[in-house]
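Undergrad: The following block contains a protein sequence and its predicted model.
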Amino acid sequence: MRNSLIIILLTGLMLTSCFDPSKPNFQYFPDMYESLAYETYAESDGFSNGIEAQVPVEGSIPRGWEPYDYPDSNEGYEMAKANLLSPIEISDFNINQGKELYEIYCSVCHGDKGDGMGILAQREKFLGIPAYIDREITPGSIYHVLMYGINAMGSHSGQVNEEERWQIAQYVMKLREESKK
Amino acid sequence: MLHLKRILLVTLFFPSFGLSQEADIQEGKALFNTNCAACHQLNRKAVGPALRGVTEKYDREWLYRWIKNGTQMIKDGDPQAVAIWEEYNRAIMTNYPQFSNEQIDNILAYTNYTPPAPAPAVATAETISQGSDISVNIILAVAIVIFTILIVMLFLVQRTLIKIANASGVKIEAEPKRKIKPLWKTIVENQFIMFLLVVGFLLSSAYFTYGYLMQIGIDQGYAPIQPIHYSHKIHAGANQIECKYCHSSARVSKHSGIPSLNVCMNCHEYIGEYNGEEDLENGYTKDFYTNEIKKLYSAVGWDEENQVYTGNTQPVKWIRIHNLPDFVYFNHAQHAQVAQIECQTCHGPVEEMEIMYQYSPLTMGWCIDCHRESNVDKDNEYYQKVHEELSKKYGVEQLTVAQLGGIECAKCHY
């Protein structure tokens, strides 16, 4: 009786002290722990490249997404700047949403005030970010740049959806107006 | 804007400064960093060409015209202008008509400037630090030798003292041994102490066994080695990039999402090498981090030399750390966006983690505890009506998540 207790105690101590942080802990009866269906980003034998997350077929349109006709070129940029108009109304709600999104996705480079002095510029990781006030921009051109990126700025279309892009554009225009004062 | 003002001041009040033959490299550097560096690097291709040695390739007058109004030159069909425009994917360079020739001279001087190598200073620092290491070691060794000599001497002294005592006829008698019962025998024979000991032993082993059984299947502290050493400490800590910049789907979906590599490339197309702080103790040198960025480039198929995507991509096998069992539903958007809970509440101080680890136990008890303590957001339109009625029913002013049904089984298990 006592011997068995000692053995249990010692093995218990041994097992708890040997937890290896680079490996997951073991599970007891993991019947319903692991998903039978493929999990997001998991490996899968179902596809030739072995990945569950497949790129959608070319030309497919996600629900609620509208095609964007302006091409990713200088001409497209000029066209969007001149012709593309925001479909959302200017409202406090949209401005606030735009502010929230701007502070997540833009501030880090462009700065909270849109002066091009975000934390990455201050720390000299990213240089030469223009202040909005020094550039001729319209909501259309902002949307276009968020969609495709420009020069050293990458596309952010994967991170913010159509409506969110317009909200950000609205907020950027507001920042630009404010920095004129 | 401030900067322009400064330049204006300089040119207004110190005209000799601008006119002097020696171009001001500091001024040039500042101008370069604010205006050119978004697209040009000194030593490597970026959006535009590398600028070191650009004065040798082009005529200075041509450069003045190009920087002030390059677009016009392309329109006019200047052969050199059209050639460079075609070479760099027809990216248009911003015109800088506000620059004076002197300012452009300063920028060009900076592009040809090589700072004096700081190598000797580094070397001396190293030797000094090495020297101090060595001296500490020497001091330690000397101290050890002295102590051993002291101990040996003490023994020798004792032996000689005993010899002297014997010689002078003093007898040193060992104390007579009394017969004592050993301690363990007393304890074994005392039934009461034995009883207490057994009870204590049983209780403590039960405690440890229970503790052991309860941590089965819990991965708190799990910190796997990822294929690319991504440091949250550098990105979220030092550079203060918002969590949701990369994990953007946490705002809108069940998953927080592992960012796809194009999100990395939003910054790393530009940032090709690491120039921040090093952690030499753990081997995280600048070269180490730069090498990790190269891993990203090879995975995403980015040809750094020519600044183009090769299309030859290789998925990165990230190892998932936070994993809930399949039988429980959890939604990031509901917590991070609707309830506005800070990511750190559950994920811990991620901005300090060089290596990401699981901070919370992610057990059901842990979920429930938080649901019992957290208040429902009364101002949220969606909850206003239900909050009004339920709070009347319970006779409280502020409902917790639990009172709103946050501990119902079917909220998470269905």
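TA: Yes, it's here. Numbers count the residues shown, from 1 in each chain, chains lettered A, B, ... in the order given.
Undergrad: Need the residues that contact the helix ranked longest in chain A.
TA: With secondary structure taken from DSSP state H, chain A has its longest helix at helix A:162-180. Contacts to helix A:162-180, defined as Cβ atoms under 8 Å, 6 or more residues apart in numbering or on different chains, come from residues A:64-66, A:86-88, A:90, A:94-95, A:97-99, A:101-102, A:105-106, A:113-115, A:131-133, A:137-140, A:142-143, A:146-147, A:156-157, A:160. To be clear about C-beta, it is placed using only N, CA and C from the backbone, and glycine gets the same treatment.
Undergrad: Check those residues for burial and list the buried ones.
TA: When those are checked for burial by 16 or more other Cβ atoms under 10 Å in any protein chain shown, the buried set is A:86, A:88, A:94-95, A:97-99, A:101-102, A:105-106, A:114-115, A:131-133, A:137-140, A:142-143, A:146-147, A:156-157, A:160.
Undergrad: mean confidence for stretch A:109-120?
TA: Mean pLDDT, stretch A:109-120: 87.
Undergrad: residue ranges with poor pLDDT in chain A?
TA: Along chain A, segments meeting pLDDT under 70 span A:1-19.
Undergrad: which stretches of chain B have low pLDDT?
TA: Where chain B drops to pLDDT under 70, the residues are B:1-23, B:116-133, B:172-176.
Undergrad: For the residue most central in space within it, which non-adjacent residue is spatially closest?
TA: In chain B, the centroid-proximal residue (Cα atoms, centre = their mean) is B:Lys233; its distance is 1.7 Å. Leaving aside its sequence neighbours, B:Lys233 sits nearest to B:Glu354 (Cβ to Cβ, 6 or more residues apart in numbering or on different chains; 4.8 Å).
Undergrad: Ok, B:Arg65 next?
TA: B:Met73 (6.3 Å).
Undergrad: I'd say the one you found and B:Trp66 touch.
TA: Yes: here B:Met73 reaches B:Trp66: they are 6.1 Å apart, a contact under Cβ atoms under 8 Å.
Undergrad: list residues touching both of these two?
TA: When contacts are counted by Cβ under 8 Å, 6+ apart, B:Met73 and B:Trp66 are jointly contacted by B:Ala81.
Undergrad: So for these two, which residue has more residues nearby?
TA: Shown here are B:Met73 and B:Trp66; by other Cβ atoms under 10 Å in any protein chain shown, B:Trp66 has more neighbours (23 against 20).
Undergrad: Confirm the more buried one sits in a helix?
TA: Yes: counting by DSSP: H, G, I helix; E, B strand; the rest coil, B:Trp66 is part of a helix.
Undergrad: Next up, the contacts around it.
TA: Shown in contact with B:Trp66 (Cβ under 8 Å, 6+ apart): B:58, B:73, B:81, B:93.
Undergrad: Quick check: residues of the stretch 251-400 of chain B near chain A?
TA: Counting by Cβ under 8 Å from any Cβ of the partner chain, the residues of the stretch 251-400 of chain B close to chain A are B:252, B:255, B:258, B:260, B:262-263, B:265-267, B:269-271, B:275, B:315, B:317-318, B:320, B:323, B:325-327, B:357.
Undergrad: What subset of those residues is buried?
TA: Neighbour-count burial (16+ other Cβ under 10 Å) applied to those gives B:252, B:255, B:258, B:260, B:262-263, B:265-267, B:269-271, B:315, B:325, B:357.
Undergrad: Tell me which of these fall in helices.
TA: Reading helices off these with DSSP H, I get B:262-263, B:265-267.
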